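Participant: give me a model of this one.
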Amino acid sequence: MRQRKLPRRYARDFMRRTRSHLFSKSFGWKQFLSMMEQKEPTILRAYTSLCLSKSGTLQKSQILASLKNAGLPANEDNAVAMMRFLNADTDGSISYGHFRNFMVLLPSDRLQDDPRSIWFEAATVVAVAPPVEIPAGSVLRSALAGGLSCALSTSLMHPIDTIKTRVQAVNAQLP
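Facilitator: Numbering: from 1, shown residues only. You can find the predicted model right below:
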């Protein structure tokens, strides 16, 4: 967990789910396989949601496309940081194994999030705000309120502004 720069609470959650009893400080192979069987379909679904190459791997161009599709900052530095974070092969590609090794460490509730955001946050140490859906009624109400406030302020202030301008014009003509 420390090598991946993941929070300590992830390690506690991982140990809590895999150990055989409450006071155990380790876990066995059977417990690990059981946890993997639960997580594997979700991790595979997350991996296939990325822009994969024909060989089923991720290269820098696919990572850039995935970032762009997710609305994240898609630049060379971020893609390289993300590849380095998952220990890309010498040929510069990310396999499912690399991706799975990272995702298996995440708590189950984080597996439901967009994998691109999770990976981007971990690799670049830039927090990504969750997408916020604004209801259409709220937007319409705000637009209407803004329009009414503009009309009201103009209609109230125009006569005062006109009087002020006329007073200034008269004062400018006096010797």
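Participant: and residue 152, what pLDDT?
Facilitator: Turning to residue 152, the model gives it a pLDDT of 93.
Participant: neighbours of it, how many?
Facilitator: With neighbours defined by other C-beta atoms under 10 Å, the count for residue 152 comes to 10. Placement of C-beta: from N, CA and C, glycine included.
Participant: how far away is it from residue 146?
Facilitator: Counting by C-beta to C-beta, to the nearest Å, the gap from residue 152 to residue 146 is 11 Å.
Participant: now residue 34
Facilitator: If you measure residue 34 against residue 146 using C-beta to C-beta, the figure is 56 Å.
Participant: what's the answer for residue 124, then?
Facilitator: When C-beta to C-beta is the yardstick, residue 124 and residue 146 sit 36 Å from each other.
Participant: neighbour-wise, which of these two wins?
Facilitator: Relative neighbour count places residue 124 above the other of residue 124 and residue 146, with 17 against 10, counting by other C-beta under 10 Å.
Participant: was I right about the more buried one contacting residue 80?
Facilitator: No. Residue 124 is beyond contact range of residue 80, at 10.1 Å (criterion: C-beta atoms under 8 Å).
Participant: pass me the low-pLDDT residue ranges in this protein, would you?
Facilitator: By pLDDT under 70, the weakly predicted segments of the chain are 1-12, 14-29, 32, 88-91, 107-108, 111, 125-132, 175.
Participant: what ranges does it have for its helices?
Facilitator: For the chain, helices defined by DSSP state H occupy the ranges 8-18, 29-48, 60-70, 76-85, 96-103, 108-111, 115-124, 136-173.
Participant: could you give the angle of the second one to helix 96-103?
Facilitator: To tie it back to what came earlier, the one meant is helix 29-48. Angular relation of helix 29-48 and helix 96-103 on a 0 to 180 degree scale: 110 degrees, by axes from the mean of the first three to the mean of the last three C-alpha atoms, to 10 degrees.
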